Every structure is written in C-alpha cells, then in structure tokens.
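Student: with the sequence up front, the predicted model follows.
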Amino acid sequence: MLPDLKRVHCIGIGGIHVGAVAKLLRSRGVLISGTDTVEHELTQDLRKHGVDVKIGHDASHLPSETDTVIYSHAVPEDNPELVAAEEKGIPCFDTHTFLGQLFEGKDQIVVTGTHGKSTTTSLLGVALEAIGADPTVVLGTKIASFPDGNLRVGSPDLLVVEGDEYKRHVLSYEPKILILNNIEYDHPDAFKDLDAYRAMFSELIELVRDGGIIVYNADDAECVKLIESKIDFLKEREVSILSVGKDQGVIRFANPAVIDGMWRSSLRAMSSDYLDFDLQIPGEMNIRNAAMAITGTVAFNDEADLEKIKGAFATFPGCWRRFERVGVFNGAQIISDYGHHPTEVKATLDAAKKTYPDQRIVLCYQPHHRNRTKGLFHEFLTSFDQADVVLMSEIYDVPGREAKEDAAVSSQQIVDAIKEEDSNRQIEFVGALDSTEQRLREAIQPNDIVILMGAGTVDQLARKLVMNG
C-alpha cells in the first residue's frame, strides 16, 4: 500500500517511464525531486513541469521531507540515494510496482510482449482518446499526439501502460485487458533461457482479472501455446480471449500494402469486412500493432466508433525513436529507431525496403548490452540482410548491467562472422560513436535512407547530423 504522497524523490528520473510517473504525480499536486547521471532532453522537459532535477547521485540529493522514493530498474542497489532512503525507512518502489499500486483496483489495460509494445500502447491511447475515453497513458516512448509526450494525464480510474517484461516488471499489474503482442526470448541477463522467459508470461496470464479480456497474436506460436496451456484456467475465471493475426485469428488484417506513401490494410472479423485503415508509420509489424490496438479498443468499448479510430491512425505521425524520420542530411533521409533485438532489426529493414524500394538503405547499428549481443549472437548474423550498407558501432554498455564475463564481447565479432560467410558484404566495424560519425558522414549519399538504430546513444548522432549538417 502506498503512503500519503506529498513529496516524492525519483532516482533515474530521466528514464522514460520514471519521468512519466514523475509528471503524473506532479499533475496531482505532489512535490517531485529527482536525479540522473546526465542532462538530456527528458530531464530538461521535467524541469518545465516544475520538477527539481539534479545531475549526479549523492545521498545529499535526497530531500529530508521525502515520503516515497521511486527508482528506475537501471538504478543499482548501492545507489547512495536509494541506500540513504532505505536506512531512513522511506518506502522505495521501482517504477512499475509503484504504478501498479497507484492504480490498484482501477481499470488497467496492459500492453506487453517482446516487440511492438511502445507503438501498440501509443496507438491504443490515441484510439481510446479518439472514441471519447479518458485514459491515463504511460509510455516507454514519446508521441506528438500527447502534449506531455510520454504521458497522457487522464482519469485516475483508467490506466493504459506499456508493461515491460524486463526483470518481470509487468507482473506489477492486474490487467482488466491484457494485450500480448508476441513472445521471443530476450533479456538473457534477466532470464536464463526461453523457459524462464515463458514462465514469466504464464504468471502474467494468471494476473488478469476475473471477467477480463486477453487480446493475443494468433500468428505467434509462443502466444498460441501459452493461451492453449491456460485455456481451462481462463474459462474458470471467465476471461474472454480475442485472437488477432494475418494468417490466424478471429480478427484478421489483410492485404498490407504501400499506397501513396501510406501503409494500408483491412481488418476483418469472422471473414466480414470490418475496417480499412491507413498508417503513416511503415511496415507490416506496425499494421499488426494497429490491429492489436483496434481490437484492444473494441474490447474496452464494443460500441467504439471505428471511423474515429481510422481517422486518428491516419494522422498519427509515429513514436519517438520508432522509425522516426528525424530530418535530412546531405540529401539523405535520416531515421532513428530503437530496435535492439534481431527480430526488430529485420522488421525495420523490411519496412524500409518496402516503403523505399528504389533507394539505398544504409544502416548504422549500435548493439545494446554485451550480454544480449552474446546471447543472441547467431540471430544477429542474419538480421542485417536487407541493408545495402552496414556500419557497426561498438556495443553500448548499459550502466549497472555490465558483467565481467562479457567484457570481451564486441560488435567486431558480428562483422567478422558475417564477412566470413560473404566477403563481399558491405559491412564494417567503425568503433566508438565518435569514429562512427565520421565514417557515416563519408558513406551517406543523396537519396539514401539512413537508419541509425539501437537503444543506446546512437539516436544522439541522428539528431546531430540533422541539426549540424
């Protein structure tokens, strides 16, 4: 149970989820302070919301009158502010545990899965807003549709949230509606194998409320297997199930195609025409995300005005760092993307090829976390096939998640393995981000589609190219 919230301190406040929760509490009149390791656009945005942000971590940064501490999953256990709070007996919560308790007993719509969470959650929030609902939406990205970017402040009785599976954070929620995009092994530093990863999702299914609804990807074998294994349990709890897919499912999307720069598809229910919709955001993966979001909206309100959803989707410009068109450099379009799993890399490159079939695709990739790179090494070897040119930056080390046994893992090993199979592949290791920038400037040609991809600092390079030329 949460204490009476008057003064909250957030550690790692520049994190996308922590920052959203800080702004949500600030909108409710709670005094907020916070710290992070570096200054960036998210910390600057928080100051505009009246949040006291300090850079650097020190016990002295914890205000004496603090009644609650919220911390990012990236914060280590020996963080001086966290240690000081625990010594003083101040209740401390990770972001998702706090949010789950803040909305305990309220309607919770949780979007989870390995891929597509941010975009699906964003589209769901936009769709619910379009039909007149008033959700509070907490995102792991930012969208122009919401004035606060990563947050929509709405009803205290309705939460739409991106449920992060890392370190089992999604188990902090009790969904009335659960949207399950897909299940594919990830986060090897948190889950020892696929079975451990599956087990976490199995636990999540059991947290869905009696009489709730599960929307799941019927084309994903792992999702299907999970739902089938829980079918008796779900019937006993009177949980409804809605399956969505291209090839399987009660609700299906059909004929995804690029028309006049827009991605178009038809959503059908029980073989009947249901809704034609267009998206500015490219790729079949986003058609699927949209289909999941539409179904989730109808699950919330079966009388939803589908034409309003269609209109909202047609004007939705996309999410921050999800195939985000940042601008132009040297006549080439610069795109920033957060993808850091082999499947996400493949899906993004496929979307780029189909959207821009006559243009050269240049990928600048910064792998994220040495343990992930090692654990998914063989999957990465085929994930870059649709890029014409690949510049491979060194791996981004996630603060607090480094392991000594992974110190020797390098992006160079991926490049060497790919070149061993095909010596003519245009792929090269370009080292740290500074040297990456120089090589990228040399490689870019007019009319190129240049994708800077990764969950680390490579996004900064995308914006630097556009701003500084």
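Tutor: Right, received. Where do you want to start? Numbers count the residues shown, from 1 in each chain.

Student: drop to CA atoms for contacts and neighbour counts, all remaining ones
Tutor: Noted.

Student: can you name the residues that contact residue 427?
Tutor: Going by CA atoms under 8 Å, 6 or more residues apart in numbering, residue 427 touches 389, 390, 391, 392, 415, 419.

Student: can you pull the phi/psi pair for the closest residue to it other than its chain neighbours?
Tutor: The spatial neighbour of residue 427 that comes closest, neighbours along the chain excluded (CA to CA, 6 or more residues apart in numbering), is residue 390 at 4.5 Å. Per-residue torsions, residue 390: phi -130, psi 120 (degrees, to the nearest 10).

Student: partners of residue 390 in the sheet?
Tutor: Note on residue 390: beta-bridge partners by DSSP bridges are residue 363, residue 427.

Student: buried stuff in the helix or strand encompassing residue 53?
Tutor: Residue 53 is located in strand 52-55, with elements delineated by DSSP states H and E. Of all the residues in strand 52-55, those buried under the rule 16 or more other CA atoms under 10 Å are 53, 54, 55.

Student: over to stretch 250-269?
Tutor: Buried-residue list, stretch 250-269, by 16+ other CA under 10 Å: 251-254, 256-258, 262-268.

Student: now the terminal residues of that stretch, how far apart.
Tutor: One end of stretch 250-269 sits 6 Å from the other (CA to CA, to the nearest Å).

Student: outside of that stretch, which residues touch it?
Tutor: Identification of contacts with stretch 250-269 by CA under 8 Å, 6+ apart yields 242-246, 270, 273-284, 287-288, 291, 295, 354-355.

Student: are any of those residues buried, and which?
Tutor: Applying 16+ other CA under 10 Å to those, the neighbour count classes 242-246, 275, 277-284, 287-288, 291, 295, 355 as buried.

Student: out of these, name the ones that lie in helices.
Tutor: Cross-referencing those against helices under DSSP state H gives 284, 287, 288, 291, 295, 355.

Student: using TSV, lay out the residues you listed together with distance to residue 385.
Tutor: Output for these, formatted as TSV (distance: CA to CA, whole Å):
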residue	distance to residue 385
284	17
287	22
288	22
291	27
295	33
355	16
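
Student: hmm, back to that, let's have the buried residues of strand 52-55 in JSON lines, adding pLDDT and distance to residue 202.
Tutor: Shown next, in JSON lines, are the buried residues of strand 52-55 (pLDDT from 0 to 100; distance: CA to CA, whole Å):
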{"residue": "53", "pLDDT": "94", "distance to residue 202": "39"}
{"residue": "54", "pLDDT": "94", "distance to residue 202": "40"}
{"residue": "55", "pLDDT": "95", "distance to residue 202": "39"}
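
Student: hey, which helix or strand in this protein has the poorest pLDDT?
Tutor: Of the helices and strands making up the chain, the lowest-confidence element is strand 272-279, at a mean of 81, by mean pLDDT, DSSP states H and E.

Student: next one: that one to chain centre, how far?
Tutor: 25 Å (CA atoms, centre = their mean, to the nearest Å).

Student: show me what it is packed up against.
Tutor: Under the contact definition 3 or more CA pairs under 8 Å, 6 or more residues apart in numbering; DSSP states H and E, strand 272-279 sits against strand 262-269, helix 306-314.

Student: pLDDT score for the residue nearest to residue 427?
Tutor: Residue 390 carries a pLDDT score of 96 in this model.
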